[in-house]
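Peer 1: What shape does this take:
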Amino acid sequence: MQTIGTPMRCPELDLMPEQTGGIQLSDNMQQVLSLSAAFWRNQRVILKASPSGVLFTCSPELEDIFHELATQNDHVYQGANIKCSEVMVMGHPDNTGVVWARTKVAATVDNAWPLSANDVVGFTVTNLNMLHLLIKLDTEKAIIAYTM
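Peer 2: From the prediction side, this is the model:
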């Protein structure tokens with residue numbers, strides 16, 4: 001058995017009395033704890049599941065929403081250098097043309113996802129600068145939302 005010197009504080013477990021360290025854990029118990037805990041923002045967090053064992057998941061927190069306005073026909077946009085985990089792009093409801101969206105390389109009508117008015121597409125990314133848009137018509141808009 002190994003001794004855990006640092007207590008594992010997990011308010012979700014509601015352990016009473018609170019553990020202070022020096023806890024003896026068998027190899028089997030260490031394996032169970034490693035499977036039921038995760039690490040986020042320099043702390044342990046408990047993974048939660050339904051009674052049937054299905055892991056609960058959720059979307060990350062929304063960081064910002066903004067509009068990208070085309071200032072000319074065939075307006076090209078690449079996102080700013082902002083770390084994020086997901087980005088969603090929507091064709092503005094007033095658009096009459098198409099917004100083309102993709103990641104990693106410049107968007108064209110031959111390699112990107114077409115978004116008409118009210119159409120939405122989402123991408124998993126690590127930085128907003130991975131997003132590329134081509135807005136075909138002057139004064140049309142793309143609505144962009146990204147998560148932290």
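
Peer 1: Now do stretch 53-61, average pLDDT.
Peer 2: On average, the pLDDT along stretch 53-61 is 74.

Peer 1: can you tell me the distance between the two ends of it?
Peer 2: End-to-end span of stretch 53-61 (Cα to Cα, to the nearest Å): 25 Å.

Peer 1: what's the answer for stretch 116-123, then?
Peer 2: 17 Å.

Peer 1: Buried residues of it, list them for me.
Peer 2: Within stretch 116-123, the residues that count as buried by 16 or more other Cβ atoms under 10 Å are Ala117, Val121, Phe123. In short, each C-beta sits where N, CA and C put it, glycine included.

Peer 1: low-scoring stretches of the chain, by residue?
Peer 2: 1-2, 4-16, 19-22, 25, 29-35, 40-41, 56-57 (pLDDT under 70).

Peer 1: circling back to that earlier point, can you redo the buried residues of stretch 116-123 as a markdown table with distance to Ala142 and secondary structure?
Peer 2: Shown next, in a markdown table, are the buried residues of stretch 116-123 (distance: Cβ to Cβ, whole Å; DSSP: H, G, I helix; E, B strand; the rest coil):
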| residue | distance to Ala142 | secondary structure |
| --- | --- | --- |
| Ala117 | 11 | coil |
| Val121 | 10 | strand |
| Phe123 | 13 | strand |
